[in-house]
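**Student:** fold the stuff below for me.
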Amino acid sequence: MIDTKAMAYVNMYGVLGTLENMCQLDDEARAILAQLKKPVSLCFRVKNGPCCTFHFTREGCRMTEGDDGCTCKMSFSSAEAFNNLIDHSKPGMPTKNPIQVITFLLGPFTMLTDRLNAILRPSEEAMQDRVFFEKSTTLTLYTIAGAISALANNDPISKISADYTVDGDISLGIKDTAYITLRVQNKHFTTIKQRCENPRAIMEFADLDLAAGLFAGNVSTINEMCKGTIHLRGMISMLDNVNRILDRVSVYLG
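**Tutor:** Below you'll find the predicted structure:
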């Protein structure tokens, strides 16, 4: 069962949150940003749900919580309405600088989200290209990491696992490729897209091929743990709870 409000947080922090990483790693995304004549900070505000601003410049994209610094804003009457933006490209109501909202949304933003969709939901043919494969797998990690916190804080089932998770930082990553910090404080999860300096628990995948297999559900987690290709260390109870939340991530992003 999928909770509509939790799905809105997954779409905001997991899916759209990956735009900032894609704009760092992908040449096509950088080419789209290079066409911007001036910076645009687009806020998405969801009633009784998430509110984040995406700051786009020719140099990249940065996501912040709230509407501070936004140059334009689009509001949504419900979580379902926001999810329709992601799933069916149905826009909300422009509530600040509507001309800039529509112009940017129908132009660069749509081009960027189309590119993101192509990377996160790739064809088998596209994945035959090693460079694309590595990019897709890395960005999928960032999407999953954002979704973990979104669900831990908002999905009724995931919150049960979050409630049993002790405070501290969890390091989640692909060896020599990308690392994420999951910070737990008073049962609240925060995803920090940086390597963890002082982790209380570590979950590390041996390489990109293993990570891709796990993300696609083609590889047995138990078998890989037995082989030692999934490295676990530290407070194992924290990792057990994260694994339960990961099961929910697969439901929401599947």
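
**Student:** surely I86 touches V15?
**Tutor:** Yes. Judged on CB atoms under 8 Å, I86 makes contact with V15 at a distance of 6.2 Å. (Each C-beta comes from the backbone N, C-alpha and C, glycine too.)

**Student:** low pLDDT regions in the stretch 51-200 of the chain?
**Tutor:** Of all residues in the stretch 51-200 of the chain, none has pLDDT under 70.

**Student:** the more surrounded of I86 and V15?
**Tutor:** V15 (21 against 17; other CB atoms under 10 Å).

**Student:** surely the more buried one meets L85?
**Tutor:** No. Taking contacts as CB under 8 Å, V15 lies outside contact range of L85: 10.5 Å.

**Student:** so how far is the first residue of stretch 8-22 from its last?
**Tutor:** 20 Å (CA to CA, to the nearest Å).

**Student:** name the residues that touch it?
**Tutor:** Residues from elsewhere that reach stretch 8-22 (CB atoms under 8 Å, 6 or more residues apart in numbering): 29, 44, 46, 49-50, 52, 54, 60-63, 79, 82-83, 85-86, 112-113, 115-116, 119-120, 138-139, 142-147, 149-151, 153-154, 191, 193, 249, 252-253.

**Student:** can you say which of the residues you listed are buried?
**Tutor:** Buried by 16 or more other CB atoms under 10 Å: 29, 44, 46, 49-50, 52, 54, 60-61, 63, 79, 82-83, 85-86, 112-113, 115-116, 119-120, 138-139, 142-147, 149-151, 153-154, 191, 193, 249, 252-253, out of the contacts of stretch 8-22.

**Student:** narrow these to those in strands?
**Tutor:** Among these, the members found in strands (DSSP state E) are 44, 46, 52, 54, 60-61, 63, 191.

**Student:** out of those, who's nearest E204?
**Tutor:** Nearest to E204, judged by CB to CB, of those is T191 at 16.5 Å.

**Student:** fine, thanks again, bye for now.
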